[in-house]
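> Please work out how this folds:
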Amino acid sequence: MQDYIFSNDFSRNLDAMIYTCGYETCEPGHSYGPVVRSGYLIHYILKGKGIYKTDGHIYQLSEGDAFLIRPDTLIYYEADKFTPWTYTWIGFQGIKMHQYFSRTSLLERPCFHYEKDDRVRLCHEKMYEAFHLTENRDLMMNSILYEYLYLLTSKFPQKNILLEEKQQSYVEETLKYIENNYYHTCNIQDIADTLNLERTYLYRLFKNKTGFSMQEYLIDYRIRKACDLLRKTTLLISDIARSVGYEDSLYFSKLFKAKKGTTPSFYRKQLSL
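So this is what the prediction gives:
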C-alpha cells in the first residue's frame, strides 16, 4: 500500500486541493469501514473486483469502474475473496469541492466507469507521477486536479442543475472577471460575451444578487485597489489612476472623492499622520 497524505491546514481557505493520493493491491477479502471520511475521494479500480456499500446500496465493481466517497457519509468497501482488486485513489478538500461535484451526476450515482483510453483515468496516473517530482510538485498536482475536475464535469454532467445554482455561478464568474480585469477596459458586454449570456439578463441578475450594478461594483473595486496602492506605495496619483483602469487622473480623483469623501492626495496624507 502506498498512501500520500498532504497537510490540510489550509484547505478550508482554498477552492480545491489534493489531500491524499495513492494505490493499493489488496489481499483477498480486505475491507475498509464502516467509516465516514472528511473529504471527497475517488477510487479507480485497475484490476480485480470488489464491493462498495453506501446509502443502503451495494455496488459490484471491477476493472475500469470507480467509486466516489462523499464527506460525512457512511461507507464500506471490500476486495473480492478470489480476485481482489488493485485500485488507485485521489482525495479532495476545499471550500468549493461540493459546488464542483454538484456539477456532476456523481453525488447521485457514486459509481461510474472510465473508458480504457479515457483522459479521466490518466489523471490518476499523472497525479501519482507528479507526487514524485522534486521541484514545483504543488503546481503540477494543482494543474492535474483542475483538469480532473473539468473532465469529471464534462464526462459525467449534472443535467438538472438548479436555476439558482446556475445564476449564482454566473455572478461568481462576473466577480472573478472584474477582479482579474479591473485595471483595463472592462464593460458589461465583455463580461456577457465571456459567459455567453445576453447583456441585459446578466445586468439584471447581478443587480438582483448583489444589490449593485456591475459598473458600481467595478468602481468600488477599483477605488479599494487604489486605496491599497496609496497605503503601500509612493506611486504618483497619475500612476495609481492608470494602475486601476483610469487614464484620466482628474476623472479618477473625482470618483475617488465621491466614494471616500476626500482626494487621493489627502487620503494618503491622513495615513501618515
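> Contact partners for the closest residue to Ile219 other than its chain neighbours?
Nearest residue to Ile219, sequence neighbours excluded (Cβ to Cβ, 6 or more residues apart in numbering): Leu255, at 6.2 Å. Any C-beta I mention is one placed from the backbone N, CA and C, and that applies to glycine too. Leu255 makes contact with 219, 222-223, 246 under the criterion Cβ atoms under 8 Å, 6 or more residues apart in numbering.
> Would it be right to say that Leu255 lies in a helix?
Yes. The assignment for Leu255 is a helix, going by DSSP: H, G, I helix; E, B strand; the rest coil.
> Show me which residues of the host helix or strand of Trp89 are buried.
Take DSSP states H and E as the rule and Trp89 turns out to sit in strand 86-93. Buried residues in strand 86-93, counted by 16 or more other Cβ atoms under 10 Å: 87-93.
> Make sure I have this right: Arg242 is in a helix.
Yes. Membership of Arg242 in a helix is supported by three-state DSSP.
> Would you mind confirming that Asp80 makes contact with Tyr52?
No. Asp80 lies out of contact with Tyr52 (Cβ atoms under 8 Å); the separation is 11.8 Å.
> So for those two, which residue has more residues nearby?
Shown here are Asp80 and Tyr52; by other Cβ atoms under 10 Å, Tyr52 has more neighbours (24 against 18).
> Need the CA coordinates for the strand holding Trp89. CSV is fine.
The C-alpha trace of strand 86-93 is given here as CSV (Å, rounded to 0.1, in the frame of the first residue of the first chain):
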residue,chain,number,x,y,z
THR,A,86,-5.9,-3.2,-7.0
TYR,A,87,-7.0,0.5,-7.0
THR,A,88,-5.7,4.0,-7.0
TRP,A,89,-7.3,7.0,-5.3
ILE,A,90,-7.3,10.8,-5.2
GLY,A,91,-8.8,12.7,-2.3
PHE,A,92,-10.1,16.3,-2.5
GLN,A,93,-10.9,19.0,0.0
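> Run me through the strand neighbours of it, direction for each.
Using DSSP bridges, the strands paired with strand 86-93 are strand 17-25 (antiparallel), strand 40-47 (antiparallel).
> what's the average pLDDT for the helix or strand just after it?
Once the chain leaves strand 86-93, the next helix or strand it forms, by DSSP H and E, is helix 97-102. The predicted model assigns helix 97-102 a mean pLDDT of 87.
> Determine the set of other helices and strands touching helix 97-102.
With contacts defined as 3 or more Cβ pairs under 8 Å, 6 or more residues apart in numbering; DSSP states H and E, helix 97-102 has these neighbours: helix 137-155.
> Just the CA coordinates for the next helix or strand after the helix it packs on, please, in CSV.
Sequence order places helix 163-181 as the next helix or strand after helix 137-155, per DSSP H and E. The C-alpha trace of helix 163-181 is given here as CSV (Å, rounded to 0.1, in the frame of the first residue of the first chain):
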residue,chain,number,x,y,z
LEU,A,163,-31.5,27.5,-11.8
GLU,A,164,-30.5,29.2,-8.5
GLU,A,165,-27.1,27.4,-8.7
LYS,A,166,-26.6,28.4,-12.3
GLN,A,167,-27.4,32.0,-11.5
GLN,A,168,-25.0,32.0,-8.5
SER,A,169,-22.3,30.6,-10.7
TYR,A,170,-22.8,33.4,-13.3
VAL,A,171,-22.5,36.1,-10.5
GLU,A,172,-19.3,34.4,-9.2
GLU,A,173,-17.8,34.3,-12.6
THR,A,174,-18.7,38.0,-13.1
LEU,A,175,-17.0,38.9,-9.8
LYS,A,176,-13.9,37.0,-10.9
TYR,A,177,-13.8,38.6,-14.3
ILE,A,178,-13.9,42.1,-12.7
GLU,A,179,-11.3,41.3,-10.2
ASN,A,180,-9.0,39.9,-12.9
ASN,A,181,-9.6,42.8,-15.4
